[in-house]
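Q: pasted the sequence and its predicted model underneath.
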Amino acid sequence: MTTDSPGTTSQDFGHREATWAGTHVFGASRIHNPHTVEEAQRLVADTPRIRALGTRHSFNDVADSRGELVSLVGVEPDIVIDESPQGTTVSVSGGTTYGVLAAELERRGLALHNMGSLPHISVAGAISTATHGSGNRNGNLATAVRALEVIGADGELSSVKAGDPDFAGSVVALGLLGVTARVTLAVEPSFHVRQDIYADLPWDTVLDSFDEVSGCGYSVSLFTNWLGDSVQRMWLKTRLDGGQPGDLPDELFGGRREVVSQRSPAGEFLDNTTRQGGIPGPWSERLPHFRFDATPSNGDEIQTEYLIARADAAEALEALRPLGPLIEPALLITELRTVAADSLWLSTAYQRDSLCIHFTWKNLPEEVAATIPLVEAALERFAPRPHWGKVFTLDGSLARSRYDRLDEFAGLVARCDPAGKFGNDYSSLVLGS
């Protein structure tokens with residue numbers, strides 16, 4: 001461990017540094033951990049090749065660098081609320097986790113419109129990869145962004161805000177425009193949510209009424225292992241908006257309501273989920289699947305995810321179901337969620353309401369590597385967009401073909417970073433360079 005400047009530590013990668021679940025070992029030579037934005041600016045200005053690293057919750061090399069890495073996780077959150085005629089916003093350091101931000105917003109009587117299943121992820125990392133929560137009418141986390149402050153290749157701070165010409169290309173940017181130092185997000189008054197579990201929904205009912213099933217709550221998740229005639233669980237999150245919780249039916253879409261809380265969908269012995277059983281609680285403690293004070297999901301896993309048009313949901317799921325016996329041996333669980341369309345150029349939900357088909361795999365690299373191409377082949381005719389931060393095998397040209405504004409994004413990258421300081425092997429796949 002070395003010290004570059006007061007308050008900044010840098011760690012040489014003399015040992016194997018990896019992502020959260022160990023699915024990618026970083027090739028970068030060093031990681032810097034500044035405690036102020038000013039320190040980060042100096043590092044970026046003085047380093048020929050550098051990229052931002054968040055909480056390491058990606059599963060591929062999207063956050064790696066051909067040179068060095070800089071993490072703003074150690075920078076103070078500095079959470080600032082602004083009330084204006086245009087609406088209430090919060091600004092926060094980009095390295096802050098959603099768990100920290102959500103707790104402070106709730107304390108102040110405010111809320112975000114959506115949360116990912118893990119509150120452990122950083123704000124800047126999540127929005128830069130179009131990470132999402134759930135809900136037919138809810139946009140992904142990046143759709144709450146109203147402004148960004150970014151450290152550019154010269155170390156200077158620049159700002160972009162909603163309405164600016166480059167805004168729609170700057171939010172989901174995969175770290176290629178610089179290091180996001182600060183993010184401004186739209187917020188709203190706090191609300192309560194109840195979370196209920198329904199078991200064994202018949203596949204026929206789910207497929208015949210998919211929009212009704214996925215839209216029966218503020219956020220809906222379906223969990224399946226692809227075997228049998230039923231979807232194993234539906235997690236239904238109901239927004240209460242100040243009202244009383246009321247009664248939910250004992251049966252919904254053929255599934256029965258369970259009053260006993262479930263363990264993690266990725267492991268029956270893991271006690272890490274947010275409160276279930278219909279007990280109301282603040283949005284910050286119900287919209288995420290996993291508690292901020294616990295290791296999320298399984299923790300020893302590989303993840304892939306593909307977004308397709310929600311209009312194709314039933315047909316796509318029918319195409320995957322016959323693969324169940326081939327998928328299940330390598331699978332922990334599949335989660336099916338939805339997210340609303342948006343206008344962000346590299347968003348996986350760009351201009352289409354989407355179904356998110358998420359696979360949490362066992363940490364069996366060879367078996368998973370053999371299974372993923374089968375999934376991608378079954379989904380190919382539905383033009384799947386892989387989650388930017390998860391494992392996929394679609395070649396670069398095929399992945400690029402899913403994004404109508406990619407040439408404009410490449411032009412934006414060329415203007416902001418002509419020397420390729422923030423580029424990496426992953427960006428070569430995205431930009432075809």
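A: That came through, no problem. Numbers count the residues shown, from 1 in each chain.
Q: which other helices and strands does whichever strand or helix holds residue 375 contact?
A: Per DSSP states H and E, residue 375 falls inside helix 365-379. Counting contacts by 3 or more CB pairs under 8 Å, 6 or more residues apart in numbering; DSSP states H and E, helix 365-379 is packed against strand 301-309, helix 313-320, helix 324-327, strand 354-362. No exception for glycine: its C-beta is placed from N, CA and C like everyone else's.
Q: now the residue lying closest to residue 349 once chain neighbours are set aside: how far from residue 294?
A: With CB to CB, 6 or more residues apart in numbering as the criterion, residue 349 has its nearest non-adjacent residue at 5.0 Å, and that residue is residue 339. Separation of residue 339 from residue 294 (CB to CB, to the nearest Å): 25 Å.
Q: who has more neighbours, the two?
A: Between residue 339 and residue 294, residue 339 has the larger neighbour count (other CB atoms under 10 Å), namely 28 against 14.
Q: so what pLDDT did that one get?
A: For residue 339, the pLDDT comes out at 98.
Q: surely it and residue 142 touch.
A: No - using CB atoms under 8 Å, residue 339 is not in contact with residue 142, being 10.5 Å away.
Q: just want the most central residue of this protein.
A: Taking CA atoms, centre = their mean, the centroid of the chain lies closest to residue 131, which sits 2.3 Å from it.
Q: my read: it touches residue 140, true?
A: Yes - counting by CB under 8 Å, residue 131 does reach residue 140; the two are 6.7 Å apart.
Q: which residues are in contact with each of those two?
A: Common contact partners of residue 131 and residue 140 (CB atoms under 8 Å, 6 or more residues apart in numbering): none.
Q: circling back to that earlier point, okay, the angle between the helix holding residue 375 and strand 354-362?
A: Angle between the axes of helix 365-379 and strand 354-362 is 160 degrees (criterion: axes from the mean of the first three to the mean of the last three CA atoms, to 10 degrees).
Q: buried residues in helix 365-379?
A: By neighbour count on 16 or more other CB atoms under 10 Å, the buried set for helix 365-379 is 368, 371, 372, 375, 376, 378, 379.
Q: excluding its backbone neighbours, what's nearest the third one?
A: Looking back up the chat, that one is residue 372. residue 393 is the one closest to residue 372 (CB to CB, 6+ apart), at 5.4 Å.
Q: can you give me the pLDDT of the one you found?
A: On the pLDDT scale, residue 393 is placed at 91.
Q: which sections of the stretch 1-150 of the chain are below the confidence cut-off?
A: Applying pLDDT under 70 to the stretch 1-150 of the chain picks out residues 1-16.
Q: strands along that one, start to end?
A: Chain-ordered strands for the stretch 1-150 of the chain, with DSSP state E, counting those that start in this stretch as the definition, fall at 2-5, 8-12, 30-33, 50-53, 68-71, 80-84, 87-93, 110-111, 145-151.
Q: okay, the ones you listed in TSV with distance to residue 421 next?
A: As requested, the strands of the stretch 1-150 of the chain are exported to TSV (distance: least, CB to CB, whole Å):
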stretch	distance to residue 421
strand 2-5	17
strand 8-12	17
strand 30-33	14
strand 50-53	6
strand 68-71	10
strand 80-84	29
strand 87-93	21
strand 110-111	36
strand 145-151	11
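Q: next, format those strands as CSV and append distance to residue 308 and mean neighbour count.
A: Compiled in CSV, those are given as follows (distance: least, CB to CB, whole Å; neighbours: other CB atoms under 10 Å):
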stretch, distance to residue 308, mean neighbour count
strand 2-5, 45, 13
strand 8-12, 40, 16
strand 30-33, 36, 21
strand 50-53, 29, 27
strand 68-71, 33, 23
strand 80-84, 37, 11
strand 87-93, 32, 19
strand 110-111, 29, 20
strand 145-151, 24, 23
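Q: for residue 199, find the nearest of the ones you listed.
A: Evaluated with CB to CB, these place strand 110-111 nearest to residue 199, the distance being 29.3 Å.
Q: helices or strands next to that closest one in the packing?
A: strand 188-189.
Q: counting by contacts, list what the helix or strand that the strand it packs on is followed by packs against.
A: Note on strand 188-189: by DSSP H and E, the next helix or strand toward the C-terminus is strand 192-202. When contacts are defined as 3+ CB pairs under 8 Å, 6+ apart, strand 192-202 sits against strand 230-239, strand 255-258, strand 281-282.
Q: sheet partners, orientation included, of the shortest one?
A: Sheet pairing here is set by DSSP bridges, and for strand 281-282 it gives strand 192-202 (antiparallel).
Q: chain neighbours aside, what residue packs nearest to residue 405?
A: The nearest residue in space to residue 405 (CB to CB, 6+ apart) is residue 345, at 3.8 Å.
Q: just give me the neighbour total for that neighbour.
A: When neighbours are defined as other CB under 10 Å, residue 345 has 22 of them.
Q: identify the residues contacting it.
A: By CB under 8 Å, 6+ apart, the residues touching residue 345 are 168, 169, 172, 403, 405, 406, 408, 409.
Q: still on that earlier bit, what's near enough to touch the residue nearest to residue 372?
A: The neighbourhood of residue 393, defined by CB under 8 Å, 6+ apart, consists of 369, 372, 373, 376.
Q: mark out where each domain of this structure begins and ends.
A: Domains of the chain are assigned by automatic domain parsing as 80-189, 192-394.
Q: show me what the strand or helix carrying residue 428 is packed against.
A: Using DSSP H and E, residue 428 sits in helix 425-431. Judged by 3+ CB pairs under 8 Å, 6+ apart, helix 425-431 is in contact with helix 396-400, helix 406-416.
Q: off-centre distance for the last one?
A: A distance of 23 Å separates the C-alpha centroid of helix 406-416 from that of its chain, computed with CA atoms, centre = their mean, to the nearest Å.
Q: hang on, the earlier thing: for the residue nearest to residue 349, what are phi and psi?
A: Backbone geometry at residue 339, expressed as degrees, to the nearest 10, gives phi -150, psi 150.
Q: CA atoms only: put stretch 54-61 into CSV for me.
A: Coordinates of each C-alpha in stretch 54-61 appear next as CSV, following Å, rounded to 0.1, in the frame of the first residue of the first chain:
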residue,chain,number,x,y,z
GLY,A,54,-17.4,1.3,-8.0
THR,A,55,-18.5,-1.4,-5.5
ARG,A,56,-17.3,-4.3,-7.8
HIS,A,57,-20.8,-5.7,-8.3
SER,A,58,-20.2,-6.3,-12.0
PHE,A,59,-19.5,-9.8,-13.3
ASN,A,60,-17.3,-9.0,-16.3
ASP,A,61,-14.5,-6.6,-17.3
